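J.: This is the structure alone, sequence omitted:
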Ligand code: AMP
C-alpha cells in the first residue's frame, strides 16, 4: 500500500461524495481521520492505524474557526497543506478533504450540535464554546465522509469523550477509535502548538508530562488520595515560574468527574499556559 504519490485533495463536499461513492458501493470499510493540519507524528499515528484497519483512508485538514475563542490563536494557527500532503504520501491515503471555511459554513449557516454534561468541565470551562465548535464540525464531517470508523487521539482526551457521547446520543453509525498519545523522547506530547514555543519554553513545557508521570508513580506506589497527588503535581508547577497552571484533575474516565480516591482506572488531566501558548496533556492510570 505504501506509495510516495501525493494523495488526491478535494475542496468541496460534492467531490468527497463523488470520490467515495464507488468505494462505498464496493463495500469498502472507510476510515476517517479529522485534523486541523500542521501534521506531526501524532496525527500520522492515527493515519497509520486507519490505513491498517480500513480499506480506504480519508483525512480532513480544516482549521475550524468555530472551535476557537475570539482571543485564541485561529489566525496564527500553523497552516502547511503542501508539507501535510507530503507527510501523508507514504500512507496510501485515498482522499484528503481540505475545504475552505465557506464550504463548511456557507452564508446563512445556523445550526449547532451541542453536547451537555461532559463539555461543561475542564476544557469546556476554560474555553467557552470550544466543544460546540468541535461537535458541530465533527458531526458535519461525519455526514460528509460517512466513515465506518473515525480515529481520534488520546492527547485530546476530553474531546474523544465528547465525540463518543455525541455519537451515542445521536445514533451516528460510526465507530470511534482512540489512539495513544505520541510523545517526544523527553515526554512532551506532540502538538501543532509546540511550534509556538521558544527552546526555553519548550523545556518548561515538560512540566506537564512530568507532573502526569509523577501522578502515575504515586498511584502505582499505592497513593489513593487525589488531594495528595494533586498537591505534589502542583509543587512541580510551582518550580516553573513562567508556566501558568490552568487545571489539574484526577477524573473518572467516562464522566470526567473528579475522584477523591483512586479505586479504578483514572485519567489525570492538565492544562497550562507556557508564555502565550496553551498546552494540554493527560495520562490514563490503572491502580
Ligand atoms: P488536531 O489537528 O490538533 O485537531 O488533532 C487531530 C487529531 O490528532 C485529534 O484526534 C488529536 O487528538 C490527534 N492528536 C494530536 N496530537 C496527538 C498526539 N501527540 N498523539 C496522538 N494523537 C494526537
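T.: Received the coordinates, thanks. Quantities reported herein were computed from a predicted structural model and do not represent experimental measurements.
J.: these two touch, right, residue 276 and residue 196?
T.: Yes: Residue 276 lies in contact with residue 196 (Cβ atoms under 8 Å); the separation is 7.0 Å. (C-beta placed from N, C-alpha, C; glycine too.)
J.: Who has more neighbours out of the two?
T.: Set side by side, residue 276 and residue 196 give different neighbour counts by other Cβ atoms under 10 Å, the larger being at residue 196 (19 against 10).
J.: ok, for the more buried one, nearest residue in space, not its chain neighbours?
T.: Leaving aside its sequence neighbours, residue 196 sits nearest to residue 277 (Cβ to Cβ, 6 or more residues apart in numbering; 4.4 Å).
J.: Please, where are all the strands along this structure?
T.: Here the chain has its strands, by DSSP state E, at 9-10, 30-35, 56-61, 95-97, 149-153, 175-179, 243-251, 266-274, 277-285.
J.: Looking at the ones you listed, which is nearest to residue 116?
T.: Residue 116 lies closest to strand 243-251 among the strands of the chain, at 17.1 Å (Cβ to Cβ).
J.: residue contacts, the residue of the stretch 51-200 of the chain found nearest the ligand?
T.: Per Cβ to the nearest ligand atom, the residue of the stretch 51-200 of the chain with the smallest distance to the ligand is residue 153, at 2.2 Å. For residue 153, the contacting residues are 42-43, 45-46, 160, 178-182, by Cβ atoms under 8 Å, 6 or more residues apart in numbering.
J.: Return only those of the residues you listed found close to the ligand.
T.: When contact is defined as Cβ under 6 Å from any ligand atom, the contacts of residue 153 meet the ligand at 42-43, 45-46, 179, 181-182.
J.: State the phi and psi torsions of residue 93.
T.: Phi and psi for residue 93, reported as degrees, to the nearest 10, are phi -70, psi 130.
J.: quick one, what contacts it?
T.: Shown in contact with residue 93 (Cβ under 8 Å, 6+ apart): 7, 47, 51, 57-59.
J.: and what of residue 240?
T.: By Cβ under 8 Å, 6+ apart, residue 240 lies in contact with 204, 207.
J.: What score does it have for pLDDT?
T.: On pLDDT, residue 240 comes in at 95.
J.: same thing with residue 97?
T.: The model reports residue 97 with a pLDDT of 99.
J.: That one: neighbour count?
T.: Neighbours of residue 97 using other Cβ under 10 Å come to 26.
J.: For the closest residue in space to it that isn't next to it in sequence, list the residues it contacts.
T.: What sits nearest to residue 97 in space, not counting adjacent residues and going by Cβ to Cβ, 6+ apart, is residue 60, at 4.4 Å. Applying Cβ under 8 Å, 6+ apart, one finds that residue 60 lies in contact with 32-35, 96-99, 141, 145.
J.: For residue 60, give the beta-bridge partners.
T.: residue 34, residue 97 (DSSP bridges).
J.: Please report the distance of it from residue 192.
T.: Applying Cβ to Cβ, to the nearest Å, the value for residue 60 to residue 192 is 15 Å.
J.: Repeat that for residue 73.
T.: 10 Å.
J.: who's more crowded, the two?
T.: Between residue 73 and residue 192, counted using other Cβ under 10 Å, residue 192 has the larger neighbour count: 20 against 16.
J.: what's the burial count for residue 128?
T.: 10.
J.: you'd agree it is up against residue 69?
T.: Yes: using Cβ under 8 Å, residue 128 is in contact with residue 69, at 6.8 Å.
J.: Run through the bridge partners of the residue of the stretch 51-200 of the chain closest to the ligand.
T.: What pairs with residue 153, by the bridge criterion (DSSP bridges), is residue 179.
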